[in-house]
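Engineer: show me the folded form of this:
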Amino acid sequence: MMLHQVKFIDTLWWRCHRRLIAELLAAAATTSCTSSVPGRSERHRPAREADYRDGRLYLCGHEVA
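Structural biologist: Residues are numbered from 1 along each chain as shown. This next block holds a predicted model:
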């Protein structure tokens, strides 16, 4: 099993590309966690606009990836 970790330095994770990356990982059935405070992380919660179907990500009803 391969484990990968991606870190970004933006403070507000939901206002940057990290949100999209987290949604893509969730669509692929990969566990994704966010951390805005050092030493603390929480499991990704999907956005209201996000929908996962057959490993693909849809935002606002449009396929993204």
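
Engineer: burial of Ser41, as a residue count?
Structural biologist: Ser41 sits with 12 neighbouring residues when counted by other CB atoms under 10 Å. For glycine as for every other residue, the C-beta is placed from the backbone atoms N, C-alpha and C.

Engineer: name the nearest residue to Ala50, sequence neighbours excluded.
Structural biologist: Nearest residue to Ala50, sequence neighbours excluded (CB to CB, 6 or more residues apart in numbering): Glu23, at 5.0 Å.

Engineer: quick check, that neighbour in contact with Arg56.
Structural biologist: No: using CB atoms under 8 Å, Glu23 is not in contact with Arg56; the gap is 10.9 Å.

Engineer: find residues that contact each of those two.
Structural biologist: Counting by CB atoms under 8 Å, 6 or more residues apart in numbering, the common neighbours of Glu23 and Arg56 are Val64.

Engineer: of the two, who's got more company?
Structural biologist: Glu23 (23 against 13).

Engineer: surely Tyr58 meets Asp51?
Structural biologist: Yes: if you go by CB under 8 Å, Tyr58 and Asp51 touch, sitting 4.3 Å apart.

Engineer: which stretches of this structure form strands?
Structural biologist: 33-37, 40-43, 50-53, 56-59, 62-63 (DSSP state E).

Engineer: residue nearest the centroid of the protein?
Structural biologist: Using CA atoms, centre = their mean, the residue of the chain that lies closest to the mean C-alpha position is Ala22, 1.0 Å off.

Engineer: ok, the nearest residue to Leu25 once chain neighbours are set aside - contacts?
Structural biologist: Once flanking residues are discounted, Leu25 sits nearest to Ser32: 4.2 Å by CB to CB, 6+ apart. By CB under 8 Å, 6+ apart, the contact set of Ser32 is 21-22, 25-26, 43-44.
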